[in-house]
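Participant: I would like the atomic coordinates for the input below:
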Amino acid sequence: MPEARPRIILPPGVAIDPALMQRLAVDFDVIDANSAIGRAQSRQWLRAEPLDGHALTESTASAVLEALGEGVGIVDASGDVAWMNLELAAQSAEILRRFVDTCTDLLRSAASGLVPLRAGDVQRRTFRIGSRSFEVVASALATPGQHNGNGAAPPTPTRVAAILLDVTEGRRVQERLDAIDSAGADLIRIDAEEVERINPAERLKALDGRVVAAVRNVFGWDHFEFRLLNRESKQLELVFCNGLSPLGIGEKLYARGDANGISGIVATTGQGYISRDTRSDKNYLRGLPTARSSLTVPLRLHERIVGVFNVESEQPDAFNEEDRLCAEVFGRYVALALNILDVLVVERRTTNRRVAITVMGEIKSPLDTIAKAAESIEVGADPRVVELAEKILDAVSSVRHRIEAATSGPQTILGVDEILREGQRDPILEGKRVLVADDEAAIRDTITDVLVQKGCEVSTFASGAPAIEAVRAEAEAGMPFDLVISDVRMPDRNGYEVFKAVKDTDQRTPVILMTGFGYDPHHSIVRCSQEGLHCFLFKPFQVTQLLEEVRKAFGVEAGGEKT
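Facilitator: Modelled structure (predicted):
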């Protein structure tokens with residue numbers, strides 16, 4: 001008879017490295033009380049075997065078993081409980097019934113060959129009662145007196161030793177993560193038809209609606225914002241905001257650890273931050289006026305920090321570590337969705353430029369041939385022929401100019417020459433006072449020339465700050481501008497800041513924002529659209545489109561009728 005080897009028992013909750021476990025198994029019988037087998041057999045082993053040279057008493061063995069989950073029991077195929085500990089016996093009748101039913105169903109399935117279950121095998125089953133979730137971890141027990149002699153197949157077990165675990169908390173977290181995964185999949189879903197049907201700003205606006213709905217439905221939060229990190233300036237620029245007061249005009253947040261609030265710290269360290277009491281937290285900056293606690297997590301894109309997700313609550317200590325984990329998971333989906341939209345905008349802009357350059361290359365030779373033919377007509381030829389030749393040369397020049405304008409992209413406005421040649425004033429625009437702000441001189445000057453020709457009085461600015469000062473000064477003098485046209489991206493102010501300054505001084509003043517190919521690094525268009533933006537134009541746009549939107553801003557539809 002082989003000599004009995006010493007045994008080592010690992011109590012529940014104690015784990016060791018698998019390599020060490022394997023090494024110990026060479027010289028010891030390692031009983032892992034974290035496994036179903038160890039839990040089921042530990043009472044028998046502990047009662048009979050010495051530990052550290054001392055025989056364990058019945059009370060000691062029972063104490064170990066009472067600490068296992070919500071109870072341990074041995075159940076046979078007929079549904080009889082051969083033994084159970086006090087913890088299991090203390091459960092409600094409904095829980096005990098479901099525990100026994102789970103064990104007997106497992107034994108019946110094993111007997112019919114539906115599941116593999118031999119002595120030592122472990123199976124897991126779950127059930128729910130009301131809002132609570134339980135897991136049964138069952139281990140088959142060998143039937144006394146039965147042996148597998150001569151290589152015969154082992155008999156089907158008729159008993160299982162099972163432990164009951166309350167997994168409500170873990171199940172709830174898993175269900176929450178599943179909901180986040182479902183909402184996140186919806187955020188990054190962009191089909192080809194949608195890309196064709198709506199422009200970049202409209203796609204961003206649709207994403208904004210999805211993000212807000214997901215945060216409310218999945219988390220139940222009403223006061224939050226998402227900020228993206230500008231990689232060049234390190235500014236944390238607002239993208240989506242719900243229920244929080246945005247920063248004032250000129251106020252900015254940066255990814256720095258000092259004087260930039262909790263968002264600046266999180267964007268710098270990449271670590272989530274829970275402020276359990278904002279009133280005593282020196283790092284907290286004004287957000288929700290009545291905030292008592294906040295949660296801020298980084299937005300990550302392939303492990304790179306691209307922004308922050310900030311949530312605030314009127315209740316103190318409203319957030320925990322689980323909220324932080326779930327918010328970070330959701331933040332990854334938001335970062336990915338925003339990145340997809342940015343890639344679409346860049347792809348569109350790049351493709352337009354390449355197509356324009358290709359077209360210019362293809363038509364250059366034919367245009368040169370036409371121009372040379374027209375130029376070869378002698379001055380003394382028939383005057384009608386000379387006039388026709390001049391028209392041909394003008395047409396060739398116009399084609400070249402238009403292709404070059406399209407090639408240069410956002411720095412141009414299309415179709416200006418025809419409008420300026422018309423020289424017609426527009427009675428609707430006569431005497432209207434318009435402010436134009438754009439750091440691109442060509443755009444600024446072109447819009448000014450067109451509007452002045454139509455009868456407007458135009459004030460132009462190359463940056464946002466002086467434009468905002470002018471808006472305020474004119475409003476204070478009782479002469480607010482009739483219309484403001486602004487680029488969304490200027491060195492000192494963004495489109496939203498210009499828009500907000502206008503609306504703060506006079507809600508009735510319409511605002512038109514411009515952006516190149518839908519590029520909106522500050523995501524001004526989404527926020528302005530929510531707050532009353534008249535329209536936005538994507539450069540390069542047709543001047544006729546600009547004039548149509550200007551007329552609409554003054555209440556005139558395309559047909560010329562007042563709305």
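
Participant: all helices for the stretch 451-563 of the chain, in order.
Facilitator: 464-476, 495-505, 524-530, 543-553 (DSSP state H, counting those that start in this stretch).

Participant: what helices or strands is the longest one leaning on?
Facilitator: Counting contacts by 3 or more CB pairs under 8 Å, 6 or more residues apart in numbering; DSSP states H and E, the secondary-structure elements packed against helix 464-476 are strand 433-437, strand 457-461, strand 483-487, helix 495-505. For glycine as for every other residue, the C-beta is placed from the backbone atoms N, C-alpha and C.

Participant: which element is the closest residue to residue 79 other than its chain neighbours on?
Facilitator: Of all residues beyond its chain neighbours, the one nearest residue 79 is residue 104 (4.8 Å), with distances taken as CB to CB, 6 or more residues apart in numbering. Using DSSP states H and E, residue 104 sits within helix 93-111.

Participant: what does that helix rub up against?
Facilitator: Here helix 93-111 makes contact (CB atoms under 8 Å, 6 or more residues apart in numbering) with 70-71, 73, 75-79, 81, 88-89, 91, 115-117, 123, 125, 127, 129, 134, 136, 138, 140, 156-160, 162, 164.

Participant: So which of those residues belong to strands?
Facilitator: 71, 73, 75-76, 81, 123, 125, 127, 129, 134, 136, 138, 140, 159-160, 162, 164 (DSSP state E).

Participant: Mind jotting down where the helices sit in the stretch 101-250 of the chain?
Facilitator: Going by DSSP H, counting those that start in this stretch, the stretch 101-250 of the chain shows helices at 168-187, 192-197, 200-214.

Participant: Which positions in stretch 163-180 come out as buried?
Facilitator: 163-167, 171, 176-177, 179-180 (16 or more other CB atoms under 10 Å).

Participant: Name the weakest-confidence residue in those, if you would.
Facilitator: Scanning the buried residues of stretch 163-180 for pLDDT, the low point is residue 171. It has 78.

Participant: sorry, back to before: return the member of the buried residues of stretch 163-180 nearest to residue 458.
Facilitator: The shortest approach to residue 458 among the buried residues of stretch 163-180 belongs to residue 180, at 50.1 Å (CB to CB).

Participant: Domain map for the chain?
Facilitator: 7-143+155-166, 177-346, 349-410, 412-553 (automatic domain parsing).

Participant: In a markdown table, list the helices and strands packed on helix 464-476 along with mean neighbour count and distance to residue 276.
Facilitator: A markdown table is the format used below for the helices and strands packed on helix 464-476 (neighbours: other CB atoms under 10 Å; distance: least, CB to CB, whole Å):
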| stretch | mean neighbour count | distance to residue 276 |
| --- | --- | --- |
| strand 433-437 | 23 | 43 |
| strand 457-461 | 18 | 46 |
| strand 483-487 | 27 | 41 |
| helix 495-505 | 23 | 32 |
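
Participant: Let me know which of these is the nearest to residue 355.
Facilitator: strand 483-487 (24.2 Å).

Participant: Direction included, what does the closest one pair up with?
Facilitator: strand 433-437 (parallel), strand 511-516 (parallel) (DSSP bridges).

Participant: Quick one: low-confidence residue ranges for the stretch 251-400 of the chain.
Facilitator: 344-353, 356, 378-380 (pLDDT under 70).

Participant: Drop anything exposed from the ones in strands among the contacts of helix 93-111.
Facilitator: Buried among the ones in strands among the contacts of helix 93-111 (16+ other CB under 10 Å): 71, 73, 75-76, 123, 125, 134, 136, 138, 140, 159-160, 162, 164.

Participant: Going by length in residues, pull out the top helix of this structure.
Facilitator: Taking DSSP state H as the criterion, the chain has its longest helix at helix 321-375.

Participant: could you give the angle of that helix to helix 200-214?
Facilitator: 170 degrees (axes from the mean of the first three to the mean of the last three CA atoms, to 10 degrees).

Participant: okay, the angle between helix 321-375 and helix 168-187?
Facilitator: Angle between the axes of helix 321-375 and helix 168-187 is 10 degrees (criterion: the same axes, to 10 degrees).

Participant: Please report the distance of the closest residue to residue 316 other than its chain neighbours from residue 328.
Facilitator: Sequence neighbours aside, residue 292 is the residue nearest to residue 316 in space, at 4.2 Å (criterion: CB to CB, 6+ apart). Noted for residue 292: a distance of 22 Å to residue 328, by CB to CB, to the nearest Å.

Participant: outside of stretch 166-185, which residues touch it?
Facilitator: 69-70, 126, 131-135, 210, 214, 217-218, 322, 326, 329-330, 332-334, 336.

Participant: buried subset of those?
Facilitator: 69-70, 133-135, 210, 214, 218, 326, 329-330, 332-334, 336.

Participant: quick one: the nearest residue to residue 224 once chain neighbours are set aside from residue 244, how far?
Facilitator: Closest residue to residue 224 apart from its sequence neighbours, by CB to CB, 6+ apart: residue 311 at 4.4 Å. With distances taken as CB to CB, residue 311 is found 9 Å from residue 244.

Participant: okay, and the common contacts of the two?
Facilitator: 223-224.

Participant: quick one, which of these two is more surrounded?
Facilitator: Just comparing residue 311 and residue 244: by other CB atoms under 10 Å the higher neighbour count belongs to residue 311, 27 against 19.

Participant: quick one, phi psi at that one?
Facilitator: In terms of degrees, to the nearest 10, the main-chain angles of residue 311 are phi -130, psi 140.

Participant: same thing with residue 463?
Facilitator: Torsion angles, degrees, to the nearest 10, at residue 463: phi -150, psi 170.

Participant: OK, contacts around the residue nearest the centre of the chain?
Facilitator: Nearest to the geometric centre of the chain sits residue 334, at 0.8 Å (CA atoms, centre = their mean). By CB under 8 Å, 6+ apart, the residues touching residue 334 are 184, 187, 211, 226, 299, 309.

Participant: Just the closest of those residues to residue 205, please.
Facilitator: residue 211 (10.8 Å).

Participant: how many other residues sit next to that closest one?
Facilitator: Residues near residue 211, counting by other CB under 10 Å: 24.

Participant: Read off the pLDDT value for it.
Facilitator: For residue 211, the predicted pLDDT is 89.

Participant: How about residue 38?
Facilitator: 55.

Participant: cool, and residue 461?
Facilitator: With respect to pLDDT, residue 461 has a value of 95.
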